[in-house]
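Visitor: sequence? don't have it. structure:
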């Protein structure tokens, strides 16, 4: 591929399906993605969402890594405020020990859930993401204490086993400027969630690049951009498949959650003009079409963002259609100018 392209999988539970179905489909897609040349396969932490099965993200990463051979597997991301940094260091140290050289640790500071669920996860209200930089420092100190042996970021005498001394790439993820600036200051790679927060994409990338300070891990900025892409044999079929995602976002702005709906021939009877504008705005970094359509439109996004890598999500109801979408996208990627 002329630019690395990766996959972000929310392990969708579709209407009429189960979490077990979702896991089987996730592993099947990951195996195909490896064959088709995708760079990495990430899974996202969400909670209390009936349409997302990847809540136990580290477990699912292990399942996918164990069922594949070469593709990088990681988190897109782990929501660090939900966890003790030591636990994440141990979990990803375990994964890296099992699948050396293949594990990525992408971190976010949002809860990945509603506030009530966030409180349930944390057993209190004291961790709302405001101390994310301190949590990140503690996590990094567990994994690589040699960077600053005198650091007080981790409790004295506490070590991550396994985890300590392992070279696990850390990424920061975000949908605003906070993580963009922090990633730049720490010299870490950065991934922006433009697949649902497109309005902040370009300012965040500029902030990341202008704040970047070289580190031992990265000499220059490395930005990955999230985008929704659905490819089918015709433009009409791709747009029809995309209505599942549009319905899902429509439900979110109405305060509802549920499984990924089946596609419909038209959204006109389902949303108001105002709702249509909101949904389309949130999905402005989305493409749906036949291969020639995607090949025509994708380079403009790459040029506009200066992305070093793309990470693609395709919320498609039918598993075979989702496989076909990623297969066609891989063919498109090989022919990009």
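Guide: Sure thing, it's come through. Only a predicted model underlies this, so the values are computations on that prediction, with no experimental measurement involved. Numbering: from 1, shown residues only.

Visitor: from here on, contacts and neighbour counts on C-alpha atoms
Guide: OK.

Visitor: so residue 6 sits in a helix?
Guide: No - applying DSSP: H, G, I helix; E, B strand; the rest coil, one finds residue 6 to be strand, outside a helix.

Visitor: how many neighbouring residues does it have?
Guide: 25 (other C-alpha atoms under 10 Å).

Visitor: show the average pLDDT along the helix or strand residue 320 falls within.
Guide: Under the criterion of DSSP states H and E, residue 320 resides in helix 319-333. What helix 319-333 shows for mean pLDDT is 97.

Visitor: who are the packing partners of it?
Guide: helix 19-36, strand 223-231, helix 291-305 (3 or more C-alpha pairs under 8 Å, 6 or more residues apart in numbering; DSSP states H and E).

Visitor: please work out the average pLDDT along stretch 23-37.
Guide: On average, stretch 23-37 scores 98.

Visitor: buried residues in that stretch?
Guide: 23, 25-34, 36-37 (16 or more other C-alpha atoms under 10 Å).

Visitor: what's the local residue count around the closest residue to residue 85 other than its chain neighbours?
Guide: With sequence-adjacent residues excluded and distances taken as C-alpha to C-alpha, 6 or more residues apart in numbering, residue 85 is closest to residue 139, at 4.9 Å. Neighbourhood size, residue 139 [other C-alpha under 10 Å]: 24.

Visitor: please enumerate the helices of the stretch 151-300 of the chain.
Guide: Along the stretch 151-300 of the chain, counting by DSSP state H, counting those that start in this stretch, helices occupy 177-186, 201-211, 235-253, 273-282, 291-305.

Visitor: which one of those helices lies nearest to residue 267?
Guide: helix 235-253 (7.0 Å; C-alpha to C-alpha).

Visitor: now for that closest one, which elements pack on it?
Guide: Using 3+ C-alpha pairs under 8 Å, 6+ apart, helix 235-253 sits against strand 223-231, helix 273-282, strand 286-289.

Visitor: low-confidence stretches in the stretch 51-200 of the chain?
Guide: Counting by pLDDT under 70, the ranges of the stretch 51-200 of the chain that qualify are 111-113, 123-129, 147-151.
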